[in-house]
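> Build me a structure from this.
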Amino acid sequence: MELNDRSSLLAHLETRRSGRPRDMVAPGPDAEQLAHILELAARTPDHGKLVPYRFVIVERDQRQALADLFARALFDEDPDAHDAKVAKTLDKAHHAPALIVLVSSPVRAHKIPVWEQELTCGAAGMNLLHAVHAHGFVGGWITGAQAYHPMVTRAFCEEGERIAGFFFIGSPCQPLEERDRPDPSELVTRWEPPRD
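Numbering: from 1, shown residues only. As a prediction, the model looks like this:
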């Protein structure tokens, strides 16, 4: 890798950050860009080459159906939900120009532990965010109550699967602010071999 390529990659890693889905506006990726984003997202470590994840695209003209699904799940969980909570839940389905649902799809009864397969799914999610950033867009990975409600999971998942997250993609309506990051010195230790 050339020095300029390394510098560009480091700059990419240093500047990538998530955006709030509610603050994302057009333009979003076109069909060709989105296909390339997902292709890059799939370039992830995968013990056993099981591909234990999949992507579900929710098209713009399907967002109202998604909002209706979110509303049914909300009222199932909270029949007396107040108007502000209902509005926030419905709005979530309409955020950002593009929406991808990442589904964790581990291969059960396999020698590769499910936990390792779920890590692969998470790595695909992170790759997706990096690919979004590399294409000049902003991404936001969120879950929320909808990701765990049976009505919603049944709409996206097969038996043994679950929603790893909703990935909203678009352009920021204002410059993204950097957030506090963990201090590596507080995260890193040196291993001490056990003493007999």
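> Kindly confirm my reading that residue 99 is in a strand.
Yes. Assigned with DSSP: H, G, I helix; E, B strand; the rest coil, residue 99 falls within a strand.
> For residue 24, see how far away it is.
According to Cβ to Cβ, to the nearest Å, residue 99 and residue 24 sit 10 Å apart. C-beta: built from backbone N, CA, C; applies to glycine.
> what's the overlap in contacts for the two?
Contact with both residue 99 and residue 24 is made by residues 168-169, according to Cβ atoms under 8 Å, 6 or more residues apart in numbering.
> Any buried residues in the longest helix anywhere in the chain, and which?
Ranked by residue count, the top helix of the chain under DSSP state H comes out as helix 114-134. Judged by neighbour count using 16 or more other Cβ atoms under 10 Å, the buried positions of helix 114-134 are 116-125, 127-133.
> Kindly provide the distance from the residue in the chain sticking out farthest from the centre to residue 108.
What lies farthest from the middle of the chain is residue 196; by Cα atoms, centre = their mean that is 44.4 Å. Look at residue 196 and residue 108: by Cβ to Cβ, they are 39 Å apart.
> and if you look at residue 126?
As judged by Cβ to Cβ, residue 126 and residue 108 stand 24 Å apart.
> Just checking the distance from the following helix or strand past the longest helix of the chain to the centre of its chain.
Later in the chain than helix 114-134, the nearest helix or strand by DSSP states H and E is strand 138-142. Centroid separation for strand 138-142 versus its chain: 6 Å, with Cα atoms, centre = their mean, to the nearest Å.
> what's next to strand 138-142, contact-wise?
So strand 138-142 is contacted by 17-21, 24, 96, 102, 125, 128-129, 132-133, 165-172, 176 (Cβ under 8 Å, 6+ apart).
> Which members of those are positioned in helices?
Counting by DSSP H, those place 125, 128-129, 132-133 in helices.
> what does the average pLDDT come to for stretch 55-69?
In this model, stretch 55-69 has a mean pLDDT of 98.
> related to what we said a few turns ago, show me what the longest helix of the chain is in contact with.
Identification of contacts with helix 114-134 by Cβ under 8 Å, 6+ apart yields 12, 15-16, 18, 29, 36-38, 40-47, 50, 52-53, 55, 100, 102, 104-108, 110, 138-139, 141, 164-165, 167, 169.
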